[in-house]
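*Asks:* Based on what follows, work out the 3D shape:
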Amino acid sequence: MDIIISNSDRVPIYEQIVRQLKGLILSGQLPEGEALPSMRLLARDLRISVITTKRAYEELEREGFISTVPGKGCFVAAQNRETRREAVLCQIEEHLSQAVSAARAGAVDLEELTEMLNTLYSEELL
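*Replies:* Now for the predicted structure:
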């Protein structure tokens, strides 16, 4: 499991961890029941505070992505199909919001942006 954090990113480190772990879970790269590294091990590997990894794991548990078994660790929780779809839609909305902001800043109109999206979506299907 590769998690990459950036100290220069405006997004807090715990949130970077949450986003990347959600992505791995939603994509199926971390399947249901898979054990996650301990908070201490992840903190050591990323060279960050255990408090930061604890906050990320708590957030993931609160959102239903992982579950904690006392004395055993944290595991990927079973994902309800509708919950999974909703999480994916939220991720897409976040990315599209960033794209819209960039388009507006660069004076790219909606027609051009839509054309780019259609092109990118079609390329992925090929």
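
*Asks:* so where's this structure uncertain?
*Replies:* For the chain, the stretches with pLDDT under 70 are 124-126.

*Asks:* domain assignment for it?
*Replies:* Annotated domains of the chain cover 13-76, 81-125 [automatic domain parsing].

*Asks:* Now tabulate these in a markdown table and tack on distance to Ile3.
*Replies:* (Glycine included, C-beta is placed from N, CA and C.) Listed next are those as a markdown table, based on distance: least, C-beta to C-beta, whole Å:
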| stretch | distance to Ile3 |
| --- | --- |
| domain 13-76 | 5 |
| domain 81-125 | 16 |
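
*Asks:* so which of those gets nearest Ile5?
*Replies:* domain 13-76 (5.0 Å; C-beta to C-beta).

*Asks:* Out of the domains of the chain, which one sits most buried?
*Replies:* Comparing the domains of the chain by mean neighbour count (mean count of other C-beta atoms under 10 Å), domain 13-76 comes out on top with a mean of 16.

*Asks:* Over to the spatially most central residue of the chain. Which of the three states is it?
*Replies:* Against the mean C-alpha coordinate of the chain, by C-alpha atoms, centre = their mean, the closest residue is Arg19 at 2.3 Å. Here Arg19 is recorded as helix under DSSP: H, G, I helix; E, B strand; the rest coil.

*Asks:* and it, how far is that from Ile92?
*Replies:* Counting by C-beta to C-beta, to the nearest Å, the gap from Arg19 to Ile92 is 13 Å.
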